[in-house]
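Engineer: Sequence and predicted structure are below.
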Amino acid sequence: MVTMFVVLCCFLFCFVLFDCLFRTSSPLHTKIFFVMPARKKQLGKDAIVSILTIYLHPSQHIRRVFPNPAKGHRLNNLTVLRQEHQRISRREQLAVVVTHPDFVNEDGTLIELHGVKRYFNVNVRHA
């Protein structure tokens, strides 16, 4: 009788352990088998990024190229030059200085645009 009870307990324990290990929704599975997060694309020099045009400064250059942008208009293929602290919206914030081939001066040089770092999405990480 005792051996039957021990065998039954062992079987039940193994069943519960097997169920916890291989069912992905169990708390034991998340503690034992964890998945490494994907590597984040880094925002550095020569990275290709995108941003909503409403978060890009100086706005007079943006309005010259896009006089009436649609809601949610995103500017893609911006090339990062550097990161620096700038005064944006009356606060010192970490800004990313970028260039784009559509934004040039009369003499053909690229205009430097900037925006707050948290609004940028990295498309291609820096080399």
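Structural biologist: Noted; the coordinates are in hand.
Engineer: ok, residues contacting stretch 101-114?
Structural biologist: Under the contact criterion C-beta atoms under 8 Å, 6 or more residues apart in numbering, stretch 101-114 has outside partners 56-58, 61-62, 65, 77-78, 81, 86, 88, 95-100. Any C-beta I mention is one placed from the backbone N, CA and C, and that applies to glycine too.
Engineer: now do the same end-to-end measure for that stretch.
Structural biologist: Distances were taken as C-alpha to C-alpha, to the nearest Å; on that basis the terminal residues of stretch 101-114 are 15 Å apart.
Engineer: of the contacts of stretch 101-114, buried ones?
Structural biologist: Of the members of these, the ones counted as buried by neighbours, 16 or more other C-beta atoms under 10 Å, are L56, H57, H61, I62, L78, L81, Q86, A95, V96, V98, T99, H100.
Engineer: mind listing which of the contacts of stretch 101-114 are in helices?
Structural biologist: Under the assignment DSSP state H, the contacts of stretch 101-114 contribute H61, I62, V65 to helices.
Engineer: list the contacts for L75?
Structural biologist: If a contact means C-beta under 8 Å, 6+ apart, then L75 has S50, I51, L52, T53, L56, H100 as its contacts.
Engineer: Tell me which two in those residues are the farthest apart.
Structural biologist: Greatest spatial distance in the contacts of L75: L52 and H100, 13.8 Å, computed using C-beta to C-beta.
Engineer: tell me which element P67 is part of?
Structural biologist: Secondary structure assigned from DSSP states H and E places P67 in neither a helix nor a strand.
Engineer: How many neighbouring residues does it have?
Structural biologist: Applying the criterion other C-beta atoms under 10 Å, we find 7 residues in the vicinity of P67.
Engineer: same deal with the one 3 residues further on?
Structural biologist: For A70, the count of nearby residues is 8 (other C-beta under 10 Å).
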